[in-house]
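below are the sequence and a predicted model for it; my questions follow.
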Amino acid sequence: MDGTLTEKVLEDHLVDGEIATGEEIGITVDQTIAHDLTGTMAWLQFEALGLDEVQVEVAGQHCDHQTYQPDFKVSDDHRFLRSAAGTFGAYFARPGTGILHQVHKENFTAPGKTLIGADSHTPTAGGLGCLGIGTGGLDVATAMGGAPYYLDVPEVVNVRLQGELPEWSTAKDVILELLRRFSVKHGVGKVFEYTGPGVKALSAHERTVIANMGTELGATSSVFPTDERTKEFFERLGRPEDYVELTPDDDAEYDDEVVVDLSEIEPLIACPSMPDNVVPVRDVAGKETEQVLVGSCTNGAYEDILPVAKMFQDREVAKRTETIIAPGSKQAAEMLARNGFTAELMAAGVNFSEATCGACIGAGHVPASDTVSVRTFNRNFEGRSGMEDDVVYLCSPEVAAATALRGEITDPRDLADDLDDLEAPGFEYPERYIGASESDIIMPEQAVDDGLVKGPNIDEVPLKDPLGSDLAGPALLKMPDNITTDHIIPATQEVSVYRSNVPKLSEFTLKRVDETFAARAAEADGGFLVAGENYGQGSSREHAALCPMYLGIHGVLARSFARIHKSNLINFGLLPLTIDEETYENIEQGDDIELVDDALAVVESGQQTFTVRVNNSWEANAHLDANERERELLAAGGKLPHTRREFADGV
Ligand code: F3S
């Protein structure tokens, strides 16, 4: 990765280790963000670390996932977050200000900076040359305290863009094309760095759309160089001073290269229920559609909604199709209103939502049973919409708009053939960014609370004991490939209201896979999970490790792990052990599992292999791929007990 943009940013922030692919390094963190579902725990952890003030340049706390306040628990969380941000020196974006990536992009993202966020779509910032990495809230908590962030030096893939997008094809189709070619696993351990003449054909906003959904490739991050078009964007944002030019060296060496000819990209759509299940829109055209949703951190910006407004001008959405627009930020909503588009959209039959993640995680606008929902979002994992057997498609705003107009999945090129006066809306910036940010973002110096305010649903952070020597227990649950963090702890409203109350939240652990799991785990008082490939893919939700920890799970035996979730397991003191296919096939749910060796000794000695004895009758190997620092965390019972001890020791 010599001379790549990624290397340059990492090199600038390096405090521990050497930059060599696969090796662990520590980097300084310039900026952090968290949202309401991850933030409460992050601030409780920050408080538990005994620190007075955040140590990063910018720390942001947003309320976007659950903005509707259906009961006091949610309102109490929001108030706690506001009080924590004010107490410890972070900015606070009130509920309704917008989705964290959009709001941060509009106000704080800057090229050349490092940003870690307790949300997996933090790489959105890479569209503006900022290295954004999604992680767990605990990493955000310690980074806010000034601790380095540790990561394995990623492989850097050169995504060489050439040509220009044809009419009706968009940035969303570019990332869908990459998902079509590869898969949700292809990007694990990699940064996708975009280069080539085609970069200039994309606006800075379009680059953030691509960087956002690079997360669905499993990538550590995605990053674009900065240029005149980035500069123009910062000028429009009213932050020209934040712009810096950032390019890779001419002779930069990449680990891999992919070429994408933009001129060959056509409108694409991800079919149920994986973002990589991508086909041309025409392959599925004609499916009756009951719901169309435009919004999310991928396509919720003014620049994403404007094409929809243009296509809806003097037209009406189909009577069968409930069409909802959830702006990515209140600023986007305000600009649409000031420019007259809100009234046009309403006249076309659109239902406006507040600026929120909302429907993206099943918090509202749950589709009707056995109906098709077409969304401009980035994820369509089964059940994520809040409906178990949902049928959710992902596409660009233009495809969503064409679908809403016809009431069935529609390639906008075909609609344009039918409607003489329908022109491709193309890309357009607002004349200048104006907006709600100043009134809606509370800067630390504007703090309104007197100390931390905790409601009755906010419980203290559970701490795990140091790792024991004899680990044994039943295989409490055997799961297939691609179990997501949504399976482990759903982000639906019913569940996530308990995000600051771990004992209660734990009752929902893996309920979507097996109703009885949490009760069985609590009764067994120790045991293991068994899973297939890519365990823990999806969001960075640390509760997906915290709740199994609370239930006494010793570790997970899986064919492979998703990156963020594996590090969350280690952060909470759970052993992530890799097993081969034969072992996976032979272990049955309910089998007795025993780690034959002294677990603490294996972890501390740096050994990679555990011997697993099953039902006292056969043995197999399980591998622990963890470095020295991670082993220290595991031995201590996780990162929080470990960091607390370091602070107590004055390290
Ligand atoms: Fe929110 Fe969905 Fe993005 S939950 S942060 S809009 S992936």
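Perfect, I can see it now. In this text, all values refer to a predicted model and were calculated from it rather than measured experimentally. Numbering: from 1, shown residues only.

around the ligand, which positions in the stretch 201-350 of the chain sit nearby?
For the stretch 201-350 of the chain, the residues in contact with the ligand (C-beta under 6 Å from any ligand atom) are Ser296, Cys297. C-betas here are computed from N, CA, C, even on glycine.

closest residue of the stretch 201-350 of the chain to the ligand?
Nearest residue of the stretch 201-350 of the chain to the ligand, counting by C-beta to the nearest ligand atom: Cys297, 3.2 Å away.

which element is that residue on?
The secondary structure element spanning Cys297 is helix 296-299 (assigned by DSSP states H and E).

and that helix, what other elements does it pack with?
Contact partners of helix 296-299 among helices and strands, from 3 or more C-beta pairs under 8 Å, 6 or more residues apart in numbering; DSSP states H and E: helix 100-107, helix 204-213.

mind checking how far that helix is from the chain centre?
For helix 296-299, the gap between its own C-alpha mean and the chain's C-alpha mean amounts to 11 Å (C-alpha atoms, centre = their mean, to the nearest Å).

sorry, back to before: can you put the helices and strands packed on helix 296-299 in a markdown table and add mean neighbour count?
Below are the helices and strands packed on helix 296-299 laid out as a markdown table (neighbours: other C-beta atoms under 10 Å):
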| stretch | mean neighbour count |
| --- | --- |
| helix 100-107 | 28 |
| helix 204-213 | 28 |
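
in the stretch 1-150 of the chain, what residue spans correspond to helices?
Under the criterion DSSP state H, counting those that start in this stretch, the stretch 1-150 of the chain contains helices at 5-13, 36-48, 72-88, 100-107, 137-144.

who wins for proximity to Arg499 among those?
For the helices of the stretch 1-150 of the chain, proximity to Arg499 was assessed by C-beta to C-beta; helix 36-48 is nearest, at 5.4 Å.

the closest one vs helix 137-144, what angle?
Helix 36-48 and helix 137-144 meet at an angle of 50 degrees, taking axes from the mean of the first three to the mean of the last three C-alpha atoms, to 10 degrees as the criterion.

give me the angle between helix 36-48 and helix 72-88.
Counting by the same axes, to 10 degrees, helix 36-48 lies at 50 degrees to helix 72-88.

how about Leu336, what does it touch?
Contacts were defined as C-beta atoms under 8 Å, 6 or more residues apart in numbering; by that measure Leu336 touches Tyr302, Ile305, Leu306, Ala309, Pro327, Thr342, Leu345.

in which helix or strand does it reside?
Using DSSP H and E, Leu336 sits within helix 330-338.

what is the rounded mean pLDDT of that helix?
In this model, helix 330-338 has a mean pLDDT of 95.

tell me how far the helix or strand Val399 falls within lies from the chain's centre.
Here Val399 sits within helix 397-406, counting by DSSP H and E. Taking the mean of its C-alpha atoms, helix 397-406 sits 26 Å from the chain's own mean (C-alpha atoms, centre = their mean).

elements contacting it?
Taking 3+ C-beta pairs under 8 Å, 6+ apart as the contact cut, helix 397-406 packs with strand 291-295, helix 302-312, strand 372-375, helix 412-418.

can you do 7 Å?
Counting by 3 or more C-beta pairs under 7 Å, 6 or more residues apart in numbering; DSSP states H and E, the packing neighbours recorded for helix 397-406 are strand 291-295, helix 302-312, helix 412-418.

do you know which of these lies nearest Asn212?
For the helices and strands packed on helix 397-406, the distance to Asn212 is smallest for helix 302-312, at 11.0 Å, taking C-beta to C-beta.

run the angle between that closest one and helix 330-338 for me.
Interaxial angle of helix 302-312 relative to helix 330-338 (the same axes, to 10 degrees): 30 degrees.

how about the residue of the stretch 501-650 of the chain found nearest the ligand, what does it touch?
Of all residues in the stretch 501-650 of the chain, Ser539 sits closest to the ligand, with a separation of 7.4 Å (C-beta to the nearest ligand atom). Residues near Ser539 by C-beta atoms under 7 Å, 6 or more residues apart in numbering: Ser120, Thr485.

part of a helix, is it?
No - under DSSP: H, G, I helix; E, B strand; the rest coil, Ser539 sits outside any helix and is assigned coil.

how much space between it and Gly17?
Look at Ser539 and Gly17: by C-beta to C-beta, to the nearest Å, they are 27 Å apart.

kindly report the same for Glu646.
Glu646 is 18 Å from Gly17, by C-beta to C-beta.

neighbour-wise, which of those two wins?
Higher neighbour count among Glu646 and Gly17: Gly17, with 19 against 15, using other C-beta atoms under 10 Å.

quick one on the thing from earlier: buried subset of the contacts of Leu336?
Buried members of the contacts of Leu336, scored by 16 or more other C-beta atoms under 10 Å, are Tyr302, Ile305, Leu306, Ala309, Pro327, Thr342, Leu345.

how deep is the residue nearest to Glu106 when sequence neighbours are not counted tucked in, by neighbour count?
Counting by C-beta to C-beta, 6 or more residues apart in numbering, Glu106 lies nearest to Gln331, which is 5.7 Å off, once chain neighbours are set aside. Around Gln331 there are 26 other residues, counting by other C-beta under 10 Å.

please apply the same query to Ile442.
For Ile442, the neighbour count with other C-beta under 10 Å is 20.

does it touch Ala90 like I think?
No - between Ile442 and Ala90 there is no contact, the gap being 9.5 Å when judged by C-beta atoms under 7 Å.

so what touches the helix holding Cys297?
The contact list for helix 296-299, computed with C-beta under 7 Å, 6+ apart, reads 99, 101-102, 121, 124, 172, 209, 212-213, 328, 360, 376-378, 397.

between those, which sits nearest Asp261?
Set against Asp261, the nearest of those by C-beta to C-beta is Lys172 (16.9 Å).

a helix runs through Asp465, doesn't it?
No - under three-state DSSP, Asp465 sits outside any helix and is assigned coil.

who's in contact with it?
Contact analysis of Asp465 by C-beta under 7 Å, 6+ apart lists Gly637.

gap between it and the ligand?
To the ligand, Asp465 is 34 Å away according to C-beta to the nearest ligand atom, to the nearest Å.
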